[in-house]
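> Build me a model from this:
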Amino acid sequence: MSGNGPTTAIEIQSNAALLLGKKPFTTIDDSDAFALSIQKLYDMVVPAELGSGAWKFAKRQTQLSLINGFDPDFAEFSSAYDLPGDALNVVRIYPNVHYQIFENRIYTNTTSSLWMEYTYSVPVTRWNAPFKAYITAKIASLSAASVAENANLMQALKMEAKEYLVKAMFLDGQNSPNRKLIDEPWIRVRGSRYQRSNGGVRY
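A predicted model of the protein is given here:
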């Protein structure tokens, strides 16, 4: 769910400028030091946030491509797979095998089908509205000290970013609802012997 608001990186950066009392912009001019500084902050903050693993909307799964006939030339590994081109960080590998990442490849000891869950650079159009506001306020707060030279403004922007962060995390959490608890009264299972199986606890 993308929500309303800006739909491009430039619009996010321009909105951050507005929070600092600066004029908005639609392009980055190499002669505009302020716009360039906002862009650099954006390029630093956004990949770090999306790659943190904290955001469900920034995760995806894909089957990895085995590199046929490739010899990793490592005694520890026998095969390699290509990493997705849009991957920021690996969350987990299915099935759970020993692996090591070198540059844009995963080295391992299997040739079986491997799936990877990973974080990626989600386009702005896929961000929810509070996350857009959070990134905007965070970039502005990081710029406030040097651009506005106003400690009160910087603190206010930090607080605003924190408020939007909470809202964004709450909304993102709805992408993975909690599982319903199973009622198993103690009086019914009291004294029984149980064992664990692949399906869970069996009485």
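> Buried residues, the top strand by length along the chain. List them.
Secondary structure of the chain per DSSP state E: the longest strand is strand 87-94. Of the residues in strand 87-94, those scored as buried under the neighbour-count criterion (16 or more other C-beta atoms under 10 Å) are 87, 88, 90, 93. (Each C-beta comes from the backbone N, C-alpha and C, glycine too.)
> Now for the residues you listed: which two are most distant?
Comparing all pairs in these by C-beta to C-beta, the longest separation belongs to 88 and 93, at 15.4 Å.
> about what we covered before: just checking, what packs against the longest strand of the chain?
Here strand 87-94 touches strand 115-120, going by 3 or more C-beta pairs under 8 Å, 6 or more residues apart in numbering; DSSP states H and E.
> Would you format the buried residues of strand 87-94 as CSV with distance to residue 37 and pLDDT included?
CSV is the format used below for the buried residues of strand 87-94 (distance: C-beta to C-beta, whole Å; pLDDT from 0 to 100):
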residue, distance to residue 37, pLDDT
87, 28, 93
88, 23, 93
90, 31, 93
93, 38, 94
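> for residue 34, helix, strand, or coil?
Here residue 34 is helix, with the state taken from DSSP: H, G, I helix; E, B strand; the rest coil.
> residue contacts, it?
Under the criterion of C-beta atoms under 8 Å, 6 or more residues apart in numbering, the contact partners of residue 34 comprise 17, 22, 147.
> ok, now with 7 Å
22, 147 (C-beta atoms under 7 Å, 6 or more residues apart in numbering).
> Quick one: low-confidence residue ranges for this protein.
When residues are selected by pLDDT under 70, those of the chain lie in 1-3, 148-149, 175-203.
> Convert the longest strand of the chain to PDB, retaining C-alpha atoms only.
Taking Å, rounded to 0.1, in the frame of the first residue of the first chain, the C-alpha atoms of strand 87-94 are listed here in PDB:
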ATOM      1  CA  ALA A  87      19.400  -7.000  -3.200                       C
ATOM      2  CA  LEU A  88      20.500  -4.700  -0.300                       C
ATOM      3  CA  ASN A  89      20.900  -7.400   2.400                       C
ATOM      4  CA  VAL A  90      20.200 -11.100   2.800                       C
ATOM      5  CA  VAL A  91      17.600 -11.900   5.400                       C
ATOM      6  CA  ARG A  92      17.700 -15.700   5.100                       C
ATOM      7  CA  ILE A  93      18.300 -18.600   2.700                       C
ATOM      8  CA  TYR A  94      15.900 -21.600   2.100                       C
END
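> partner strands of that strand, parallel or antiparallel?
If you go by DSSP bridges, strand 87-94 pairs up with strand 115-120 (antiparallel).
> Now stretch 121-129: buried residues?
In stretch 121-129, counting by 16+ other C-beta under 10 Å, buried: 122, 124, 127, 128, 129.
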